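1. Okay, structure incoming, though there's no sequence with it:
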């Protein structure tokens, strides 16, 4: 009998252990929205991939057409135009952002009175709305806007900033102004994490400021540079708001994401837009993987 009671007690204690504690239950309940959100993301990705093999205009039932959308986009001149504009924008802005952002970070890293005010001032455009920034710069780029008034005041002729020849460069200048403060903030964090021992040892060896910058500072901020490079390339591929609000004539500023938007929500070619989206995903994935492979050659975490 005693053995039977012992076995019953063991079974009861095992059942109690298998029961979820109140803390674990609340943790599970609070994680439900996260699980639902992740599930919706994966469902949307799968749904979009399936739609890329169909012809669907939202109203009528989707028609399976196989890889026709992918064949069409290879022959679509606007796809290549949008991709070339995106790459041009990427080549113009990213090197300029990294170089100017680093130099600005070096200036903002000085121990001066009121330096926090300047750090906030340069970061402020990043926190502003894209719509507000585009409206202000659109006025500045106008035929009688601030920039042309300034040029005429210097005795120079007007520049049509948003014509077919200058529109992409004008938008690149605007995005450079907007994003440089954010880049500088990241570099500033990287500069402040560089150990001061290296600088003290280099001063003992008689190194100049330039040698300290070239041999110590720049190599030790390469992890920050790598992070900025990866994220900014992805951001450049996804650029939409700036070119949507300040678009140039004759598709001169058409980017791949803007073209996807036009096909999906203006042309209602959802299947074709889905195919374009997945081509963009593949391009971003390839570029990111290549960067991850190459970064071992130039990113230094220690001297």
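-> Arrived safely, thanks for sending. None of the values given here were measured: they were computed from a predicted structure.

2. and residue 263, how many neighbours?
-> Using other C-beta atoms under 10 Å, residue 263 has 23 neighbouring residues. Every C-beta, even on glycine, is put in place using the N, C-alpha and C of the backbone.

3. so what's it closest to, chain neighbours aside?
-> With C-beta to C-beta, 6 or more residues apart in numbering as the measure, residue 273 is the residue that lies nearest to residue 263, at 4.2 Å, once sequence neighbours are left out.

4. In contact with that neighbour: list those residues for me.
-> Contacts were defined as C-beta atoms under 8 Å, 6 or more residues apart in numbering; by that measure residue 273 touches 260, 261, 263, 264.

5. isn't there a helix covering it?
-> Yes. Residue 273 forms part of a helix when assessed by DSSP: H, G, I helix; E, B strand; the rest coil.

6. low pLDDT regions in this structure?
-> 1-20, 303 (pLDDT under 70).

7. what's the domain layout of it?
-> 2-51, 68-298 (automatic domain parsing).

8. what's the closest of the ones you listed to residue 60?
-> For the domains of the chain, distance to residue 60 was read as C-beta to C-beta. The smallest value, 10.0 Å, belongs to domain 68-298.

9. now, of the domains of the chain, which is deepest in the fold?
-> domain 68-298 (a mean of 16; mean count of other C-beta atoms under 10 Å).

10. Look at that domain and report the distance between its end residues.
-> Domain 68-298 has an end-to-end distance of 42 Å (C-alpha to C-alpha, to the nearest Å).

11. next one: stretch 152-169
-> Separation of the first and last residues of stretch 152-169 by C-alpha to C-alpha is 21 Å.

12. same deal with stretch 149-157?
-> Using C-alpha to C-alpha, one end of stretch 149-157 lies 10 Å from the other.

13. got a list of contacts for it?
-> The contact list for stretch 149-157, computed with C-beta under 8 Å, 6+ apart, reads 158, 159.

14. Could you rerun that using 10 Å?
-> The set of residues external to stretch 149-157 that reach it, using C-beta atoms under 10 Å, 6 or more residues apart in numbering, is 140, 142, 144, 148, 158, 159.

15. Quick one: residues contacting residue 130.
-> With C-beta under 10 Å, 6+ apart as the criterion, the residues that contact residue 130 are 174, 175, 178, 240, 241, 242, 244, 245.

16. Could you single out the nearest of those residues to residue 91?
-> Nearest to residue 91 among the contacts of residue 130, with distances taken as C-beta to C-beta, is residue 175, at 13.1 Å.

17. Of the contacts of residue 273, which belong to strands?
-> Helix and strand membership here follows DSSP state E; of those, not one is in strands.

18. Of all pairs in the residues you listed, which one is the farthest apart?
-> 261 and 263 (7.4 Å).

19. what residues are shared contacts of those two?
-> Joint contacts of residue 261 and residue 263 (C-beta under 10 Å, 6+ apart) are 273, 276.

20. I figured residue 160 hits residue 169, correct?
-> No. Using C-beta atoms under 10 Å, residue 160 is not in contact with residue 169; the gap is 11.9 Å.

21. Export the contacts of residue 130 as CSV, with columns for secondary structure.
-> Formatted as CSV, the contacts of residue 130 follow (three-state DSSP):
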residue, secondary structure
174, helix
175, helix
178, helix
240, coil
241, helix
242, helix
244, helix
245, helix
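
22. Out of the residues you listed, which comes closest to residue 128?
-> With C-beta to C-beta as the yardstick, the closest approach to residue 128 among the contacts of residue 130 comes from residue 178, at 7.6 Å.

23. What sits closest to the closest one if chain neighbours are left out?
-> Once flanking residues are discounted, residue 178 sits nearest to residue 125: 4.8 Å by C-beta to C-beta, 6+ apart.

24. what helices or strands is the helix or strand harbouring that neighbour leaning on?
-> When elements are assigned from DSSP states H and E, residue 125 belongs to helix 115-127. If you count contacts as 3 or more C-beta pairs under 10 Å, 6 or more residues apart in numbering; DSSP states H and E, helix 115-127 packs onto helix 77-108, helix 130-140, helix 167-192.
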